[in-house]
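1. the following comprises the amino acid sequence and a computationally predicted model.
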Amino acid sequence: MPRQLVDVAADLRRRGVTLPPAPPPSAATATMRANRSKDTGPEVALRKALHRLGYRYRVGLRLKLAAGAVRPDIVFPKRRLAVFVDGCFWHGCPSHGRVPSDPTGYWRAKFARNRERDARVDATMASSGWAVLRIWEHEGIEDAVGRVAAALTEAALTKGAASSVSGASEYADSSQPVSEGVDASSR
């Protein structure tokens, strides 16, 4: 068994989480295997809308934090803002999330672990000076863009010293939309 899987399995045992060895065979299992983990429709739509408004960002940037590495969907390094576009199904949206019927309890435990991981990532990033914005996939694009813009404005107002994330300082201040006076030809 690969080292990473052994570490994950050991971590789960330490926390008292037990899972069946594999998901139960069902239509839900086949559907879940087909789901993408990146470049989902809602994520791409949000990125396109942000880009159209002149915002520049990093996609899939690996952030090395004291408690481990994190890879948000959209990152504004200079503003230290990480945006996650969470799927209603996988992350347990209170409005739309549902658990497939499963007598083994595999999926219920899986979704609980996803929510625990999300909370742990949020806390880790906050303790490292990052703002985290989580957007549900069902949110309208205009609302999501408005939330990102508001978070960027707030981050700009509260921003302290330069970013300590490795590699982030080499990027231009890409969180300012072009329409706010940033010379588009310099991009």
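-> Here it is on my side, so go on.
2. next SSE downstream of the biggest helix by length in the chain?
-> When every helix of the chain is counted residue by residue (DSSP state H), the longest turns out to be helix 106-127. Going down the chain from helix 106-127, the next helix or strand is strand 131-136, by DSSP states H and E.
3. return the list of helices and strands in contact with whichever helix or strand comes after that next one.
-> With elements assigned by DSSP H and E, the helix or strand that comes after strand 131-136 is helix 141-158. Here helix 141-158 touches helix 41-52, strand 74-76, strand 81-86, strand 131-136, going by 3 or more C-beta pairs under 8 Å, 6 or more residues apart in numbering; DSSP states H and E. For the C-beta atoms, the positions are set from N, CA and C on the backbone; glycine is no exception.
4. on the three-state scheme, the nearest residue to Arg108 once chain neighbours are set aside is what?
-> Using C-beta to C-beta, 6 or more residues apart in numbering and skipping the chain neighbours, the partner closest in space to Arg108 is Val99 (5.4 Å). Of the three states, Val99 takes coil according to DSSP: H, G, I helix; E, B strand; the rest coil.
5. what number of residues lie near Val99?
-> Neighbourhood size, Val99 [other C-beta atoms under 10 Å]: 14.
6. and what of the one 3 residues further on?
-> Other residues within reach of Asp102 by the criterion other C-beta under 10 Å amount to 17.
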